[in-house]
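Visitor: Here's a sequence, model it:
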Amino acid sequence: MKCYKIDIEYDGTDFYGWQRQKNDNLRTVQGDIELTLYKIFDKHIKIHGSGRTDRGVHAKGQVASFKVESSIPGNRLKYVMNSFLPDDIYVYNTEEKNIDFHARYNAKGKEYQYLLYISTNRSPLMDRYHGYYKNEVDFELMKRAAKKIVGKHDFRGFMAAGSSINNTIRHIYNLDLEKRQLDDDLVEIKMTINGNGFLYNMVRIIMGTLVDIGTGKKEISIIDEAYKDFDRTILGHTAKANGLYLNKVFYESLDKEIKIEKC
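Guide: This is a model prediction of the structure:
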């Protein structure tokens, strides 16, 4: 018996998220990968992802693991898998791990990225991989607000309804904001955030809140209020899924892997 760890990139546009759905007609990343493994090993194999991504969310560094009786070397499995996988999924690394390895339970933290473009004109091409906002934002104000996210907090107010999780305390190590002028009427803002864990829709709520603060719809003080009152309704909107990327999953101590910096 072997335990394989696979590193995956995918375009989430045409998927109903990572997790296999009860309705087999709904296409999922997990479902497509498990179908590929069935073609290779002639048996049903359940894979375990580091976490779920919602419908429309992309991944540059999703990780999954599974166990199977196999003679395929770990570093060769990716070539076999990619010969069966569709164009919007690519396995860029495969390796054998200790039989007890689990992509979800062994994860120490994650890094996400959010891309937003700002323009008076909407771009259907950019819409596929970015969130969109038509009004100018105060970028320096957004950066000031971002500093309040970094650290160890109870992020219960930054969680969408529908989650049954009990422990809502998370440690955010870094939150970086970058701004690029791509054209006269086109600005891109990139948010990179990493921490020891994230709640349901937490990254999208953080991005939506920073944008609403940058446009004057919300005050910076709402972040501290949300830490105290856990009130989701006082924060900003939930940014669209298509601008979100799972960048990386950490399996070593975050203190070793992440250079801790202030915003």
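Visitor: drop to CA atoms for contacts and neighbour counts, all remaining ones
Guide: Noted.
Visitor: so where do the strands sit in the stretch 51-200 of the chain?
Guide: Using DSSP state E, counting those that start in this stretch, the strands of the stretch 51-200 of the chain run over 58-68, 89-97, 109-118, 131-133, 151-154, 169-183, 186-195.
Visitor: The last one vs strand 169-183, what angle?
Guide: With axes from the mean of the first three to the mean of the last three Cα atoms, to 10 degrees applied, the angle from strand 186-195 to strand 169-183 works out at 160 degrees.
Visitor: roughly how far out does the next helix or strand after strand 186-195 sit from the chain middle?
Guide: Scanning forward in sequence from strand 186-195, with DSSP states H and E defining helices and strands, the next element found is helix 202-214. Mean-position distance between helix 202-214 and its chain equals 15 Å (Cα atoms, centre = their mean, to the nearest Å).
Visitor: what's the answer for stretch 226-236, then?
Guide: The answer for stretch 226-236 is 22 Å, by Cα atoms, centre = their mean.
Visitor: Going by neighbour count, list what's buried in it.
Guide: Taking 16 or more other Cα atoms under 10 Å as the neighbour-count basis, stretch 226-236 is seen to contain the buried residues Ala226, Tyr227, Phe230, Asp231, Arg232, Ile234, Leu235, Gly236.
Visitor: and the angle from the helix or strand hosting the second one to helix 202-214?
Guide: Using DSSP H and E, Tyr227 maps to helix 221-229. Between the direction of helix 221-229 and that of helix 202-214, the angle (the same axes, to 10 degrees) works out to 140 degrees.
Visitor: Are there helices or strands packed against the next helix or strand after helix 221-229, and which ones?
Guide: For helix 221-229, the following helix or strand on the C-terminal side (DSSP H and E) is strand 244-250. Packing contacts for strand 244-250, counted by 3 or more Cα pairs under 8 Å, 6 or more residues apart in numbering; DSSP states H and E, involve strand 58-68, strand 109-118.
Visitor: Kindly point out the strands partnered with strand 244-250 and how each is oriented relative to it.
Guide: Within its sheet, and counting by DSSP bridges, strand 244-250 is paired with strand 58-68 (parallel), strand 109-118 (antiparallel).
Visitor: circling back: would you turn the helices and strands packed on strand 244-250 into CSV with distance to Tyr38?
Guide: As requested, the helices and strands packed on strand 244-250 are arranged in CSV below (distance: least, Cα to Cα, whole Å):
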stretch, distance to Tyr38
strand 58-68, 11
strand 109-118, 29
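Visitor: Any chance of CSV for the ones you listed, columns mean pLDDT?
Guide: Shown next, in CSV, are the helices and strands packed on strand 244-250 (pLDDT from 0 to 100):
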stretch, mean pLDDT
strand 58-68, 98
strand 109-118, 97
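Visitor: Quick one: closest of these to Asn242.
Guide: Using Cα to Cα as the criterion, the shortest distance between Asn242 and the helices and strands packed on strand 244-250 is 7.1 Å, found for strand 58-68.
Visitor: what angle separates that closest one from strand 89-97?
Guide: Using the same axes, to 10 degrees: strand 58-68 against strand 89-97 is 40 degrees.
Visitor: Tabulate the helices and strands packed on strand 244-250 (a markdown table), appending mean neighbour count and distance to Phe139.
Guide: Output for these, formatted as a markdown table (neighbours: other Cα atoms under 10 Å; distance: least, Cα to Cα, whole Å):
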| stretch | mean neighbour count | distance to Phe139 |
| --- | --- | --- |
| strand 58-68 | 22 | 25 |
| strand 109-118 | 23 | 12 |
